[in-house]
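**Student:** I need the structure of the sequence given here:
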Amino acid sequence: MLPHHESHRFALSAEDQQRLGISDRDIVTLVSAYRRFGIWRFDLATGHVFASAAAFDILGLDYTTGPMNMVAVTARIHPEDLPVLMETYERASKDCVGYHNHYRVRDGESYKFVRSVAGFRRLPDCPAGEIVGVIYELNDLHQFVAFADD
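**Tutor:** So this is what the prediction gives:
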């Protein structure tokens with residue numbers, strides 16, 4: 001067992017990254033090979049959400065370079081999951097906190113499970129701050145156990 005060290009909270013501490021000679025780009029490339037994910041940013045001052053092409057794809061939407069159409073995004077989310085997701089965004093915005101969420105997104109005639117992980121960050125030129133996050137599909141069977149009807 002590893003002795004507890006502050007850097008063990010992170011998959012790769014800044015010190016380890018420097019010691020190993022691994023760049024931020026290397027990390028993204030390696031993680032992307034393991035699991036497809038999209039990145040997004042919620043500008044709290046404007047209410048706009050911007051996302052990478054992969055985030056649009058995971059949500060089943062056509063990619064645009066401008067803000068996401070949130071009406072189109074919410075239409076893709078399972079109706080039972082939408083209120084919880086909206087409450088999460090509201091709390092994250094109000095309390096300046098991050099979160100982890102699992103929810104269902106329309107995938108043809110059925111739904112697939114996705115996960116969003118986000119964190120709040122303050123910006124010197126924007127007092128409202130922003131929420132930045134990652135979205136990815138949950139396609140490992142053991143991750144669905146919490147949703148079983150047993």
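
**Student:** Any idea which helix or strand in the protein has the lowest mean pLDDT?
**Tutor:** helix 24-34 (a mean of 81; mean pLDDT, DSSP states H and E).

**Student:** where exactly do the helices run in the chain?
**Tutor:** 14-20, 24-34, 53-58, 70-76, 82-95 (DSSP state H).

**Student:** Distance to Val105 added to the ones you listed, as TSV?
**Tutor:** Every residue, glycine included, has its C-beta placed from N, CA and C. Conversion of the helices of the chain to TSV gives the following (distance: least, Cβ to Cβ, whole Å):
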stretch	distance to Val105
helix 14-20	33
helix 24-34	20
helix 53-58	7
helix 70-76	5
helix 82-95	10
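
**Student:** ranking the ones you listed by burial, who's on top?
**Tutor:** helix 53-58 (a mean of 19; mean count of other Cβ atoms under 10 Å).

**Student:** chain center to it: distance?
**Tutor:** Remark: helix 53-58 is offset 11 Å from the chain centroid, using Cα atoms, centre = their mean, to the nearest Å.
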